[in-house]
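>>> Pasting a predicted model and its sequence here:
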Amino acid sequence: MSSLAVRLNDVRMRMARAAQHSRRDGVGMVAVTKTVATGIIAEAIALGLTDFGENRVHEARPKIEVFPAVEWHFIGRLQTNKVKDVVGRFKLIHSLDRWRLAEALQQEAQAQNVQVSVLIQVNLAGEGQKGGISPVELDDFLLAATDLPRVRVEGLMAIPPYTADPEEARPYFREMFRLFSKCRMPGGAMKLLSMGMSNDFEAAIEEGANLIRVGSLLFDREKYSQEE
């Protein structure tokens, strides 16, 4: 068994235990492949992974060309001048964090005659270095997004303040689940709550995540990353 297979099996078992502990099921995983070579991605696909995440457009495009049949997620902060390179290539954009970007996505999706699926990034801790909608602005943002027919809001995403101890992130995950449970997208379905990465995904699942992003733990990077 390869080292990637061993690590993937370990992550899957830990996911299952966390889901069982919290009586949840249907938790998905995005394998974050920034800096990962195409040969390793091919091995990951052979091991059954179907969803892959990238946070830089210029690094993602050649990988998408090699592996067009898998599901690609854009997980980084998206600049408006890169929207044309993302719409139509990615299954899901995890980082809708401002209204100007929402309008740019609507315009490009209209031009391409496609729908674009997004998660709204919520900045729970008000960290200045991170993008995201303030929790108090979330309901108004969701309501306004109903005027963007090409933008399909499918849920929320959050990255809590980084800590080596996943228990310190747990209150943020709990609050995100509370927001997710009460918010409504008029005329739409809020089905995805993306939170949790290599260092804290078990706590995230236990507190309500149904989509996690794992990179460092799978691909044997030396340190966990806040971007994965």
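In hand now; what should we look at? Numbers count the residues shown, from 1 in each chain.

>>> could I get stretch 100-113 in CSV with only the CA atoms?
Written as CSV, here are the backbone C-alpha positions of stretch 100-113 (Å, rounded to 0.1, in the frame of the first residue of the first chain):
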residue,chain,number,x,y,z
ARG,A,100,-18.5,43.1,-6.1
LEU,A,101,-17.3,39.6,-6.7
ALA,A,102,-20.9,38.3,-6.8
GLU,A,103,-21.7,40.8,-9.5
ALA,A,104,-18.6,39.8,-11.5
LEU,A,105,-19.6,36.2,-11.3
GLN,A,106,-23.1,36.9,-12.5
GLN,A,107,-21.8,38.9,-15.4
GLU,A,108,-19.3,36.2,-16.5
ALA,A,109,-21.8,33.4,-16.1
GLN,A,110,-24.3,35.3,-18.1
ALA,A,111,-21.7,35.8,-20.9
GLN,A,112,-20.9,32.1,-20.9
ASN,A,113,-24.6,31.1,-20.5
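
>>> What residues sit buried inside it?
Residues of stretch 100-113 classed as buried: 101, 102, 103, 104, 105, 106, 107, 108, 109 (neighbour count, 16 or more other Cβ atoms under 10 Å). Glycine gets a C-beta too; all of them are placed from N, C-alpha and C.

>>> any idea which element the fourth one lies in?
It stands for residue 104. Element membership for residue 104 (DSSP states H and E) is helix 99-112.

>>> That helix packs against which elements?
Judged by 3 or more Cβ pairs under 8 Å, 6 or more residues apart in numbering; DSSP states H and E, the packing partners of helix 99-112 are helix 83-86, strand 92-96, strand 116-121, helix 138-145, strand 151-157.

>>> Can you give the distance of stretch 24-31 from its chain's centre?
Stretch 24-31 sits 11 Å away from the centroid of its parent chain (Cα atoms, centre = their mean, to the nearest Å).

>>> How about stretch 2-16?
20 Å.

>>> and what of stretch 21-40?
Stretch 21-40 sits 10 Å away from the centroid of its parent chain (Cα atoms, centre = their mean).

>>> Ok, stretch 164-180 next?
How far stretch 164-180 lies from its chain's middle: 16 Å, per Cα atoms, centre = their mean.

>>> In PDB, could you pull the C-alpha coordinates for that stretch?
C-alpha atoms of stretch 164-180 as PDB (Å, rounded to 0.1, in the frame of the first residue of the first chain):
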ATOM      1  CA  ALA A 164      -2.600  24.200  16.900                       C
ATOM      2  CA  ASP A 165      -5.300  22.900  19.200                       C
ATOM      3  CA  PRO A 166      -8.500  22.000  17.300                       C
ATOM      4  CA  GLU A 167     -10.600  22.300  20.400                       C
ATOM      5  CA  GLU A 168     -10.000  26.100  20.300                       C
ATOM      6  CA  ALA A 169     -11.600  26.200  16.900                       C
ATOM      7  CA  ARG A 170     -14.700  24.200  18.000                       C
ATOM      8  CA  PRO A 171     -16.700  27.300  19.200                       C
ATOM      9  CA  TYR A 172     -16.300  28.900  15.800                       C
ATOM     10  CA  PHE A 173     -17.500  25.700  14.100                       C
ATOM     11  CA  ARG A 174     -20.400  25.500  16.500                       C
ATOM     12  CA  GLU A 175     -21.400  29.100  15.700                       C
ATOM     13  CA  MET A 176     -21.100  28.500  11.900                       C
ATOM     14  CA  PHE A 177     -23.400  25.600  12.200                       C
ATOM     15  CA  ARG A 178     -25.900  27.800  14.100                       C
ATOM     16  CA  LEU A 179     -25.700  30.400  11.300                       C
ATOM     17  CA  PHE A 180     -26.000  27.700   8.600                       C
END
